[in-house]
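Asker: need a structure here:
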Amino acid sequence: MAKQEPYFDDAAHVSSESRASFSGKLGYVLATAGSAVGLGNIWRFPYLAARHGGGIFLLIYLIIAITFGYTMMMSENALGRMTRKSPVGAFRAFSNGKLAGCGGWLNAVIPMLIMPYYSVIGGWVVKYLYEFLRGNVNATADDAFFGGFISDDASAELWFVVFALMVIVVIFAGVENGVERISKIMMPMLVFLALIVAIYSMTRPGAAAGIKYFLVPDMKNFTWMSVVAALGQSFYSLSIAMGILITYGSYMKKDVDIEKATGQVILFDSGIAIMAGLMIIPAVFAFSGGDPNALNAGPSLMFITIPKVFASMGLGRWVGFLFFLLVLFAALTSAISLAETSTSTFQDELGWSRRKSTLLVTLLLFGLGTLNSLGYSSLGFVKIFGMQILDFFDFATNSVMMPIAAFALCILVARCVGVDRITEEIKLSSKFRMEKMYRVVVRYVAPVFVIIILLSSLGFLG
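Answerer: The predicted model follows:
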């Protein structure tokens, strides 16, 4: 990707004035935080923390978030605001080479592939929320409940459709009236619910050991994989290399302080991740008698282990209901950002209206989503590299495509756009206090980090 002058012109800027935008910094911060705060925080972060050393994992993650995560977020936001384009257009604005085109499309395709299977999991959350509302706590705690549910074609598809419709309604409403408005409602409610559930969890008998394990770093628990896992988690937690931040940056007004807004998103996102750890780890410690291995259920933690914990609690029905309501809000805001990014790409690249682009996203969501939904039932015989359909899409996007997309972004910033041009954009509205660190990380550290993540995901490290 040879360096060249950007070839978007004044006419392009004039036409971009009609582009939708957030009403201001609060709208941007809440929408971006909504994108970042999702299942990766509520579900994935706690079990990774438990598996990789508790407090030492938390410390490593926070260091990575304010260095690598901050740098990648700043780069994507600046590119979006500078070009007023979604990922493909943002990459093309600085290079018409094939590699840049591939990098832009890779960032654009990732949310299109994540959105359908993410919505299937969102449907599972809605199903559990419904069961807790009905009072079927003991039924959800049964070992066979989850497997029986996802292997039932009609039931799995029904709840997927319910969740997907919620997402599409918001996208049809637009950026300010849909994405921003729902984020302003759901994010404060999410924080409130997280506080309630975390306080309840931390006050259970036997929970103190879990709190200590999660919050107090112990170097005896440090391993190389603690670093690798924290690096990988930063992609999930901060919406890095999904095209989302470039798209949301393109909706950002020029007077919004990018540095301050990015810092607030990282603070918000990390705070929710910590509260998620305090919701789940102390509760499971109390339930298991202090055995951290009980958290190694991994992906099944939310749908098999946690319902058992709630079934063993007093007020378990209502605490469980609040927990899954919280998870639903987190899943919805993230799924909305994935759908919005896809819609923006179709608008920019096909020249379509928002309504027509949203209809295409709807077809994509329901088509691929149904394949993922039936992958544990009538399509269970379909295996891709030995994986179920949903598992394959998850592995391909998160373990392979996202690190490559992040690497392409680093090359674009360092070689094509130029770090100086990025810093100029940031300084239009920010003091850019961490400029020196940014320059070092984006040029030298971030590319190495994403290569480490890719090699680890493919099994070459660990």
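Asker: was I right about Leu360 contacting Phe346?
Answerer: Yes - in this structure, Leu360 is within contact of Phe346 by C-beta atoms under 8 Å, at 5.5 Å. Using the backbone N, CA and C atoms, a C-beta is placed for each residue, glycine as well.
Asker: Between the two, which has more neighbouring residues?
Answerer: The residue with more neighbours, out of Leu360 and Phe346, is Phe346; 22 against 15, by other C-beta atoms under 10 Å.
Asker: that older thread, give the residues shared as contacts by Leu360 and Phe346.
Answerer: Listed as contacting both Leu360 and Phe346 by C-beta atoms under 8 Å, 6 or more residues apart in numbering are Trp352.
Asker: low-scoring pLDDT stretches of this structure, where are they?
Answerer: Within the chain, the segments meeting pLDDT under 70 span 1-20, 23-24, 174-178, 290-299, 460-462.
Asker: ok, and for the lengthiest helix in the chain, which residues are buried?
Answerer: Longest helix in the chain, counting residues (DSSP state H): helix 98-134. Neighbour-count burial for helix 98-134, counted by 16 or more other C-beta atoms under 10 Å, picks out 100, 103-129, 131-132.
Asker: again with stretch 81-91
Answerer: Buried, per 16+ other C-beta under 10 Å, within stretch 81-91: Arg81, Met82, Thr83, Arg84, Lys85, Ser86, Pro87, Val88, Gly89, Ala90, Phe91.
Asker: what's the closest non-adjacent residue to the last one?
Answerer: Spatial nearest neighbour of Phe91, chain neighbours left out: Gly104 (3.0 Å); criterion: C-beta to C-beta, 6 or more residues apart in numbering.
Asker: Now for that neighbour: which residues touch it?
Answerer: So Gly104 contacts Pro87, Val88, Gly89, Ala90, Phe91, Arg92 (C-beta under 8 Å, 6+ apart).
Asker: ok, for the second one, nearest residue in space, not its chain neighbours?
Answerer: Put plainly, it is Val88. Gly104 is the one closest to Val88 (C-beta to C-beta, 6+ apart), at 4.1 Å.
Asker: Contacts for stretch 119-127, please.
Answerer: With C-beta under 8 Å, 6+ apart as the contact definition, stretch 119-127 has outside contacts at 39, 149-150, 155-156, 158-164, 167, 303, 324, 327-328, 331-332, 335, 365, 369, 372-373, 390.
Asker: could you measure Ile114 against Leu301, distance?
Answerer: The spacing between Ile114 and Leu301, counted by C-beta to C-beta, to the nearest Å, is 20 Å.
Asker: Over to Ser378?
Answerer: 27 Å.
Asker: Which helix or strand lies directly C-terminal to whichever strand or helix holds Ile56?
Answerer: Using DSSP states H and E, Ile56 maps to helix 55-64. Sequence-wise, the next helix or strand downstream of helix 55-64 (DSSP H and E) is helix 70-83.
Asker: helices or strands up against that following helix?
Answerer: Judged by 3 or more C-beta pairs under 8 Å, 6 or more residues apart in numbering; DSSP states H and E, helix 70-83 is in contact with helix 87-92, helix 244-250, helix 258-288, helix 402-411, helix 419-427, helix 435-440.
Asker: what about the fourth one, distance to the chain center?
Answerer: So that's helix 402-411. Remark: helix 402-411 is offset 16 Å from the chain centroid, using C-alpha atoms, centre = their mean, to the nearest Å.
Asker: contacts for it?
Answerer: So helix 402-411 is contacted by 1, 72, 75-76, 79, 91, 99-100, 102-103, 106-107, 110, 235, 240-243, 442-443, 446-447, 450-451, 453-454, 457 (C-beta under 8 Å, 6+ apart).
Asker: and those residues, which are buried?
Answerer: The neighbour count (16+ other C-beta under 10 Å) marks 1, 72, 75-76, 79, 91, 100, 103, 106-107, 110, 235, 240-243, 442, 446-447, 450, 453-454, 457 as buried among the contacts of helix 402-411.
Asker: Next up, the contacts around the nearest residue to Phe285 once chain neighbours are set aside.
Answerer: Closest residue to Phe285 apart from its sequence neighbours, by C-beta to C-beta, 6+ apart: Gly210 at 3.0 Å. Taking C-beta under 8 Å, 6+ apart as the criterion, Gly210 is in contact with Ile281, Pro282, Ala283, Val284, Phe285, Ala286, Gly290.
Asker: Filter the residues you listed down to the buried ones, ChimeraX style.
Answerer: Only the buried entries of the contacts of Gly210 go into this ChimeraX selection, using 16+ other C-beta under 10 Å:
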select :281,282,283,284,285,286
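Asker: Redo the contacts of Gly210 as JSON lines? Include distance to Ala261.
Answerer: Formatted as JSON lines, the contacts of Gly210 follow (distance: C-beta to C-beta, whole Å):
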{"residue": "Ile281", "distance to Ala261": "30"}
{"residue": "Pro282", "distance to Ala261": "32"}
{"residue": "Ala283", "distance to Ala261": "33"}
{"residue": "Val284", "distance to Ala261": "35"}
{"residue": "Phe285", "distance to Ala261": "36"}
{"residue": "Ala286", "distance to Ala261": "38"}
{"residue": "Gly290", "distance to Ala261": "41"}
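Asker: Mind picking the two most distant members of the contacts of Gly210?
Answerer: Spatial extent of these (C-beta to C-beta) is set by the pair Ala283 and Gly290 at 12.2 Å.
Asker: Pick out whichever of the contacts of Gly210 sits closest to Val413.
Answerer: Nearest to Val413 among the contacts of Gly210 is Ile281, at 36.7 Å by C-beta to C-beta.
Asker: Double-check that closest one against Leu48; I have them as touching.
Answerer: No - the criterion here is C-beta under 8 Å, and Ile281 misses it with Leu48 at 11.1 Å.
Asker: ranges for the helices of the stretch 201-350 of the chain?
Answerer: With DSSP state H, counting those that start in this stretch as the criterion, the stretch 201-350 of the chain has helices at 208-215, 224-238, 244-250, 258-288, 306-311, 316-350.
Asker: buried sites along the fourth one?
Answerer: If I follow you right, that is helix 258-288. By neighbour count with 16+ other C-beta under 10 Å, helix 258-288 contains the buried residues 258-259, 261-266, 268-270, 272-288.
Asker: Now find how far off-centre that helix is within its chain.
Answerer: From the chain centre to the centre of helix 258-288 is a distance of 13 Å (C-alpha atoms, centre = their mean).
Asker: cool, the second one as well?
Answerer: What separates the centre of helix 224-238 from the centre of its chain is 13 Å, taken as C-alpha atoms, centre = their mean.
Asker: If I take that helix and helix 55-64, what angle do their directions form?
Answerer: 50 degrees (axes from the mean of the first three to the mean of the last three C-alpha atoms, to 10 degrees).
Asker: what do you get for the fourth one?
Answerer: Angle between the axes of helix 258-288 and helix 55-64 is 170 degrees (criterion: the same axes, to 10 degrees).
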